[in-house]
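>>> The sequence and its predicted three-dimensional model are supplied below.
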Amino acid sequence: MHMFSDFIAENVGKGSMIRAMFEAGAALKKEHGEDAVCDFSLGNPDLPPPEIIGSTLREIAARTGEPFSMGYMPNAGYPKIRDELAQYVSREQGVNLEAGDVILTCGAAGGLNVLLRTIANPGDEVLAPAPCFVEYGNYAANHGASFRTVPTKAETFALDIEAFAAAINAKTRAIILNSPNNPTGQVYSREELVALCALLAEKSARFGRPIFLIADEPYRFLTYDGVEVPSLLPLYPYAVVATSFSKSLSLPGERIGYLALSPLLEDRALFMDGLTLSNRILGFVNAPVLGQRLLSGALGFSVDLNVYKRRRDLMAQILSDAGYEFLMPKGAFYFFPKAPGGDDLAFTEKLRKYLVLAVPGSGFAGPGHFRLAYCVEEKVIARAVEAFKKAR
């Protein structure tokens, strides 16, 4: 007898390369000791949350005796907190948003699923530039849509507008952009985004329905050397930001994020009604109470970005000295070097023999590369010097 749906039966054994390396790391640490293994596999921020999180939690705890302090609220989130969030996003994105233009979600992943449930029909297609985050295909499949990657320009990972023009068809319903990008650390330029928005406007008119442009931005806060992350919201009416505070506040386990609509979108109130319905019927119901209340106290705060910059610079020096080819990350906390020999699966296995854990680029639709997450202590990065040299 079959316990699983066809989709789960097909995929349950595959798992994620990231998680597989994480589990391999746990086994290696058990065998060799925590201090012997250099684990760069998982993008799990190690920095503690800002102090404001602790003080806000204490304030929340002091109010738990009040009626409904941990109860249901409107499915889109507390009205007061939506208003505070709208003001924050307006400043960040350079637009004028109101409370009704944002909805609180169970992280960026929950937000992406809510959005895709709202806009996608079975048979629709979702595109993303490659390399890209590993779960996008699963999110599309959750709602009967297919997923396809579009190549970026060789060497730079810049958007290839001509490749998008060739890839978009009558079934295309959305494009997901992740900038700063996981796994490459690159940031798409304003010129690239303006060109893509113009293309989508033309294609939407041709096919008679809007193609949504989804900005997945959990790393927006983390850029280096003065690099700008251009906002899509003032560029295109069907742009939607989907993001979270998992990285900026080091709260990945709290699952708090939001969707924000472009002020250029007509019938925003009706579209928000659709998002709110999806949030409820998918079983999220509402974003976590604790997460919402934490945001109310912590909007505008962040972990110390200088820590990540020091780690980036140290990792860059080590990789450069060892002879690896890579682009310097403009944002996020990942390196995506070329795999010596070109076989990323074989090379990451070789690294593992030297007790260094990395993720093959094939898991991100970026074969021939490997990903290193440097959200680890500097001593871990420094400890990997000899291993990187020997594996090379």
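Done, it's in.
>>> residue ranges for the helices of the stretch 251-392 of the chain, please.
Remark: helices assigned in the stretch 251-392 of the chain by DSSP state H, counting those that start in this stretch are 268-281, 289-298, 305-321, 344-353, 378-383, 385-391.
>>> how distant is the second one from the center of its chain?
A distance of 20 Å separates the C-alpha centroid of helix 289-298 from that of its chain, computed with Cα atoms, centre = their mean, to the nearest Å.
>>> swap in the fifth one?
Computed by Cα atoms, centre = their mean, the chain-centroid distance of helix 378-383 equals 25 Å.
>>> Quick one: mean pLDDT over it.
For helix 378-383, the mean pLDDT works out to 97.
>>> and if you look at stretch 33-48?
Averaging pLDDT along stretch 33-48 yields 90.
>>> Span of that stretch from start to end?
24 Å (Cα to Cα, to the nearest Å).
>>> what's the answer for stretch 333-350, then?
OK, stretch 333-350 end separation, Cα to Cα: 23 Å.
>>> Now do the buried residues in it.
The neighbour-count check on stretch 333-350 (16 or more other Cβ atoms under 10 Å) flags 333-340, 344, 347-348, 350 as buried. All C-beta atoms are positioned from the backbone trio N, CA, C, and that covers glycine.
>>> and the helices of the stretch 251-392 of the chain as a markdown table, adding distance to Gly25?
What follows is the helices of the stretch 251-392 of the chain, written out as a markdown table (distance: least, Cβ to Cβ, whole Å):
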| stretch | distance to Gly25 |
| --- | --- |
| helix 268-281 | 35 |
| helix 289-298 | 28 |
| helix 305-321 | 18 |
| helix 344-353 | 9 |
| helix 378-383 | 12 |
| helix 385-391 | 14 |
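>>> can you tell which of those is closest to Gln186?
helix 305-321 (13.1 Å; Cβ to Cβ).
>>> mind listing the strands for the protein?
Along the chain, the stretches classed as strands by DSSP state E are 38-39, 102-105, 125-130, 146-151, 172-178, 212-216, 239-244, 257-261, 334-335, 356-357, 359-360, 370-373.
>>> Of those strands, which is nearest Met70?
Nearest to Met70, of the strands of the chain and by Cβ to Cβ, is strand 102-105 at 15.4 Å.
>>> Tell me which strands that closest one pairs with, and in which orientation.
Sheet partners assigned to strand 102-105 using DSSP bridges are listed as strand 257-261 (antiparallel).
>>> domains for this structure, by residue range?
Listed by automatic domain parsing, the domain ranges of the chain are 6-49+303-391, 53-298.
>>> which of those domains has the lowest average pLDDT?
Note on the domains of the chain: domain 6-49+303-391 shows the lowest mean pLDDT, a mean of 91.
>>> May I have the distance across that domain, first residue to last?
So domain 6-49+303-391: terminal residues 40 Å apart, Cα to Cα.
>>> Nearest to Thr276, out of the strands of the chain?
Using Cβ to Cβ, the strands of the chain put strand 102-105 closest to Thr276, at 6.3 Å.
>>> How far off centre is that closest one?
With Cα atoms, centre = their mean, you get 16 Å for strand 102-105.
>>> Output that strand as CSV, nothing but the C-alphas.
Output in CSV follows, covering the C-alpha atoms of strand 102-105 (Å, rounded to 0.1, in the frame of the first residue of the first chain):
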residue,chain,number,x,y,z
VAL,A,102,1.5,44.6,3.7
ILE,A,103,0.6,41.3,5.2
LEU,A,104,2.6,39.5,7.9
THR,A,105,3.5,35.9,7.0
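>>> separation between Leu372 and Leu42?
Separation of Leu372 from Leu42 (Cβ to Cβ, to the nearest Å): 11 Å.
>>> buried ones in stretch 254-268?
Here stretch 254-268 shows 254-263, 265, 268 as buried, counting by 16+ other Cβ under 10 Å.
>>> Oh, that last question was meant for stretch 85-93, not what I typed.
85-90, 92-93.
>>> Helices - which of those land there?
Using DSSP state H, the members of the buried residues of stretch 85-93 that fall in helices are 85-90, 92-93.
>>> now Ile329, nearest residue through space, not along the chain?
Slight slip there: residue 329 is Pro, not Ile. Using Cβ to Cβ, 6 or more residues apart in numbering and skipping the chain neighbours, the partner closest in space to Pro329 is Gly185 (2.6 Å).
>>> Surely that neighbour touches Ala316?
No - using Cβ atoms under 8 Å, Gly185 is not in contact with Ala316, being 10.5 Å away.
>>> who's more crowded, the two?
Gly185 (27 against 17; other Cβ atoms under 10 Å).
>>> what's near enough to touch that one?
Contacts for Gly185 (Cβ atoms under 8 Å, 6 or more residues apart in numbering) come out as 327-336.
>>> Can you lay out those residues as TSV showing distance to Ile103?
Formatted as TSV, the contacts of Gly185 follow (distance: Cβ to Cβ, whole Å):
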residue	distance to Ile103
Leu327	35
Met328	36
Pro329	31
Lys330	29
Gly331	25
Ala332	25
Phe333	27
Tyr334	28
Phe335	34
Phe336	32
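>>> Identify the farthest-apart pair in those.
Leu327 and Phe333 (14.5 Å).
>>> For stretch 23-43, which residues meet the burial criterion?
24-25, 28-29, 37-43.
>>> Helices of the stretch 101-250 of the chain, residue ranges please.
So, for the stretch 101-250 of the chain - with DSSP H, counting those that start in this stretch - the helices run 107-119, 136-141, 161-167, 190-207.
>>> Give me whichever of those is most buried.
Of the helices of the stretch 101-250 of the chain, the one with the most neighbours on average (mean count of other Cβ atoms under 10 Å) is helix 107-119, at a mean of 24.
>>> helices or strands next to it in the packing?
strand 102-105, helix 136-141, strand 172-178, strand 212-216, strand 239-244, strand 257-261, helix 268-281 (3 or more Cβ pairs under 8 Å, 6 or more residues apart in numbering; DSSP states H and E).
>>> okay, and the common contacts of Gly185 and Ala316?
Shared contacts of Gly185 and Ala316, defined by Cβ under 8 Å, 6+ apart, comprise 328, 335.
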